[in-house]
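Engineer: Fold the following.
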Amino acid sequence: MEKISDRLVSWASLLDEQTIEQARVSSTMPFIYPHLALMPDAHLGLGATVGSVIPTLGAIIPAAVGVDIGCGMIAVQTQFAASELPADRREVREQIERAIPLSAGKYNRKVVATAEPRVAELEALAEAKGFDPARYAGNWREQLGTLGSGNHFIEVSLDEDDRVWLFLHSGSRGVGNKIAQHHIKVAQRLAKQWWIELPNPDLAYLVEGTPEFTRYIAELRWAQHFALLNREEMMDRVIRQVSEWVGRPVEERQRINCHHNFTESEEHFGKRVWVSRKGAIQADAGRPGLIPGSMGTASYVVEGLGDTMSLNSSPHGAGREYSRSKARKTFTHEQLREAMAGIEFRDTDAFIDEIPQAYKPIDRVMADAAPLVTVRHTLRQIVNVKGD
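Structural biologist: This is a model prediction of the structure:
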């Protein structure tokens, strides 16, 4: 751990000056308590740094939570060994691609049977919180069970003992994005209304006790739950397709589902604070968690160590070193193929900006994270599914 200032600490050995400066500016907001924590995968983000843990007293910065509210990971350990899998991995990739809508703006045509109880649960939760999600997205029900694009993925992986794991990464989709964007604009409007000077407009905040804050928390928590159920729905579909592929039902040995873009009320350093983790997972002592690498590199099943200075947190992945546009200018389709050697994936140049070389080395990130988590399993993917 490096103490950059009294209000900023870091576990990142790979950190550029722009990222440090962005985090430093965020740490000067008067309600930060006790300090902002940068995770090993920290990199430049919108308003607040991706890979940061931002504890606040009496206020929340909506942009510091991020626009993909509740984004996170889910993994299931199956009973299968690698030797029990059919040789044709393309078959299961295509089955998964047919079962789950991929890419931005791609949704289900209707609410399928497996999604019905989850949709009903979300309808009841929205009613209890006094809002209608349809004001943000009329088709939010059809969004449940869809992946999205960017760094979201579905993978079949093997651990260090060649046991089969199913692993996926996604969030609250279009409805969560619209909720986030709305409240970011509300915070910015209030800052202008009250003549609040901000070092960056994306650091606009909502004050606890106001109607705007209360509404944000209600809708934020709904979106976080949508994201969790979205991953559950997709994982159930992946399990069904893998069962058909292998010819036997999947037996779940364990299931882990965790957010890495979210806010919770927690106790730290003697005070009740709102902890916004923008690209970080909760890592209380003994808590299981998931840290993915990039496509083509290892992912990790971990257990938290409850480090107090990190506010019981750890990294959420590899963290970008190249922006998407810079990655497209730097790397080639052939380099992507080389990086994905031995992994079944949809071979398209649409994924060049997701090439492993565009990210920090996951081994370095995990070495930096050694004080924060213990690695329980190291996973290597054999099938990768992504949206364009």
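Engineer: model confidence over the longest helix along the chain, on average?
Structural biologist: Counting residues, the longest helix in the chain under DSSP state H turns out to be helix 211-246. Helix 211-246 comes out with an average pLDDT of 98.
Engineer: What segments of the stretch 251-388 of the chain are strands?
Structural biologist: 254-259, 261-268, 271-278, 280-282, 288-291, 299-304, 313-315, 373-386 (DSSP state E, counting those that start in this stretch).
Engineer: for those strands, which one ends up most surrounded?
Structural biologist: strand 313-315 (a mean of 31; mean count of other CB atoms under 10 Å). (C-beta placed from N, C-alpha, C; glycine too.)
Engineer: And the contacts of that strand?
Structural biologist: 11, 37, 39-41, 51, 53, 275, 277, 279-283, 289, 291, 302, 304, 307, 365, 368-369, 372-373 (CB atoms under 8 Å, 6 or more residues apart in numbering).
Engineer: Apply 10 Å and report the result again.
Structural biologist: 11-12, 37-42, 51-53, 55, 260, 275, 277, 279-284, 287, 289, 291, 300, 302-307, 360, 362, 365-366, 368-369, 371-373 (CB atoms under 10 Å, 6 or more residues apart in numbering).
Engineer: Drop anything exposed from those.
Structural biologist: 11-12, 37-42, 51-53, 55, 260, 275, 277, 279-283, 287, 289, 291, 300, 302-305, 307, 360, 362, 365-366, 368-369, 372-373 (16 or more other CB atoms under 10 Å).
Engineer: OK, contacts around the nearest residue to Leu206 once chain neighbours are set aside?
Structural biologist: Closest residue to Leu206 apart from its sequence neighbours, by CB to CB, 6 or more residues apart in numbering: Phe213 at 4.2 Å. Residues in contact with Phe213, defined by CB under 10 Å, 6+ apart, are Gly58, Ala59, Ile60, Pro62, His183, Val186, Ala187, Leu190, Tyr205, Leu206, Val207, Trp274.
Engineer: cool, and Met234?
Structural biologist: 74, 96, 99-101, 115, 144-147, 152, 154, 166, 168-170.
Engineer: swap in Val156?
Structural biologist: 78, 80, 85, 89, 92-93, 96, 164-167, 238, 241-242, 245, 343-344, 379, 381-385.
Engineer: you'd agree it is in a helix?
Structural biologist: No - secondary structure of Val156 (DSSP: H, G, I helix; E, B strand; the rest coil): strand, not part of a helix.
Engineer: Use 22 as the first number for this chain going forward.
Structural biologist: All set: I'll call the first residue 22, so the last point we hit is now Val177.
Engineer: Now do the contacts for the closest residue to Val263 other than its chain neighbours.
Structural biologist: Distances taken as CB to CB, 6+ apart place Val271 nearest to Val263, at 5.7 Å, with adjacent residues excluded. The neighbourhood of Val271, defined by CB under 10 Å, 6+ apart, consists of 97-101, 185, 187, 257, 259-264.
Engineer: May I see the ChimeraX selection of the buried members of the residues you listed?
Structural biologist: Buried residues among the contacts of Val271 (16+ other CB under 10 Å), as a ChimeraX selection:
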select :97,98,99,101,185,187,257,259,260,261,262,263
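Engineer: Tabulate the contacts of Val271 in TSV, adding columns for distance to Tyr54.
Structural biologist: Listed next are the contacts of Val271 as TSV, based on distance: CB to CB, whole Å:
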residue	distance to Tyr54
Val97	37
Gln98	38
Thr99	43
Gln100	46
Phe101	47
Val185	44
Leu187	39
Asp257	40
Val259	41
Ile260	42
Arg261	46
Gln262	46
Val263	45
Ser264	48
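Engineer: I'd like to know which of the contacts of Val271 is nearest to Gln275.
Structural biologist: Nearest to Gln275, judged by CB to CB, of the contacts of Val271 is Gln98 at 4.8 Å.
Engineer: ok, back up a step: so which bits of the longest helix of the chain are buried?
Structural biologist: Per 16+ other CB under 10 Å, helix 232-267 contains these buried residues: 233-234, 236-263, 266-267.
Engineer: What is the distance between that helix and the centre of its chain?
Structural biologist: 12 Å (CA atoms, centre = their mean, to the nearest Å).
Engineer: Over to stretch 165-174?
Structural biologist: 11 Å.
Engineer: cool, and stretch 267-287?
Structural biologist: The answer for stretch 267-287 is 13 Å, by CA atoms, centre = their mean.
Engineer: For that stretch, list the C-alpha coordinates in CSV.
Structural biologist: Taking C-alpha atoms only, stretch 267-287 is exported to CSV below (Å, rounded to 0.1, in the frame of the first residue of the first chain):
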residue,chain,number,x,y,z
VAL,A,267,-22.4,-32.7,-22.1
GLY,A,268,-25.6,-34.9,-22.1
ARG,A,269,-26.0,-34.8,-18.3
PRO,A,270,-27.4,-32.2,-15.9
VAL,A,271,-25.0,-29.7,-14.3
GLU,A,272,-24.7,-30.2,-10.5
GLU,A,273,-23.7,-26.9,-8.9
ARG,A,274,-20.9,-27.3,-6.4
GLN,A,275,-20.9,-23.6,-5.5
ARG,A,276,-22.3,-20.3,-6.9
ILE,A,277,-20.8,-16.9,-6.3
ASN,A,278,-22.5,-13.7,-7.4
CYS,A,279,-20.9,-10.3,-6.6
HIS,A,280,-21.2,-6.7,-7.7
HIS,A,281,-18.3,-4.4,-8.6
ASN,A,282,-20.2,-1.2,-9.4
PHE,A,283,-22.4,-0.4,-6.4
THR,A,284,-23.0,1.5,-3.2
GLU,A,285,-23.7,0.2,0.2
SER,A,286,-24.0,1.7,3.7
GLU,A,287,-21.2,0.3,5.8
